[in-house]
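Trainee: fold the stuff below for me.
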Amino acid sequence: MKNKMKRCNWVNDKNELYIKYHDEEWGEPLYDDQKLLELLILESFQAGLSWECILNKRSFFEKAFDHFDINLICQYDDKKIEELLNNKNIVRNKLKIKAAINNSKIFKNIQQEYGAFSNYIWHFTKNKIVYEIDKTRSELSDTISHDLKKRGMKFVGTTIIYSYLQAIGVINSHQKECFKYVKI
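Mentor: Below you'll find the model as predicted:
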């Protein structure tokens, strides 16, 4: 039975969304720019909150942010910001909402510069997966965070970026007891 498998100890085994996220998404190498944007936006909304909180609201974020369509997000105006601020199903933080719009524009610039955001994010490791556990930041997350901030992104501190890199599989951090752990 799926729920009886040993997982990373941060997974709430009473939350099916969390189990599914851990088992099917977290730590899996991701190259799809739309999914990369989605997770970057969600990670930035997580700042100061738990990932479980954001995960539980994920479907509402998807609807509120037009299925993470970068072209639509880049066009958001004050009316759309107000709509998002009044949406009780998502995190209603004006700074984070504005950062999501701003970061989407910068994400798009990076796509144009590198051909795809995935090319940008994976070039930092020369397309290799980093295997490490029990960290919340690293030289890699420091470097990427610094570069994204230099480009003008907000809510992309090293801890958020480290978590993002784990989510998108650049860093594989499944714990040794977890059925998804990979011995290197």
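Trainee: going forward, measure contacts and count neighbours with C-alpha atoms only.
Mentor: Will do.
Trainee: what's around Ile110, how many residues?
Mentor: 19 (other CA atoms under 10 Å).
Trainee: so the nearest residue to it once chain neighbours are set aside versus Glu43, what's the distance?
Mentor: Leaving out its chain neighbours, the residue that sits closest to Ile110 by CA to CA, 6 or more residues apart in numbering is Phe117, at 6.0 Å. Separation of Phe117 from Glu43 (CA to CA, to the nearest Å): 16 Å.
Trainee: again, but for Glu16
Mentor: With CA to CA as the criterion, Glu16 and Glu43 are 20 Å apart.
Trainee: quick one: which of these two has more around it?
Mentor: Between Glu16 and Glu43, Glu43 has the larger neighbour count (other CA under 10 Å), namely 24 against 13.
Trainee: which elements pack onto the host helix or strand of that one?
Mentor: For Glu43, the element it lies in under DSSP states H and E is helix 33-46. Helices and strands in packing contact with helix 33-46 are listed as helix 51-56, helix 94-114, helix 117-123, helix 158-167; criterion 3 or more CA pairs under 8 Å, 6 or more residues apart in numbering; DSSP states H and E.
Trainee: run a quick neighbour tally on Phe45.
Mentor: 26.
Trainee: should've said Ile90
Mentor: Quick note: Ile90 (other CA under 10 Å) scores 21 neighbours.
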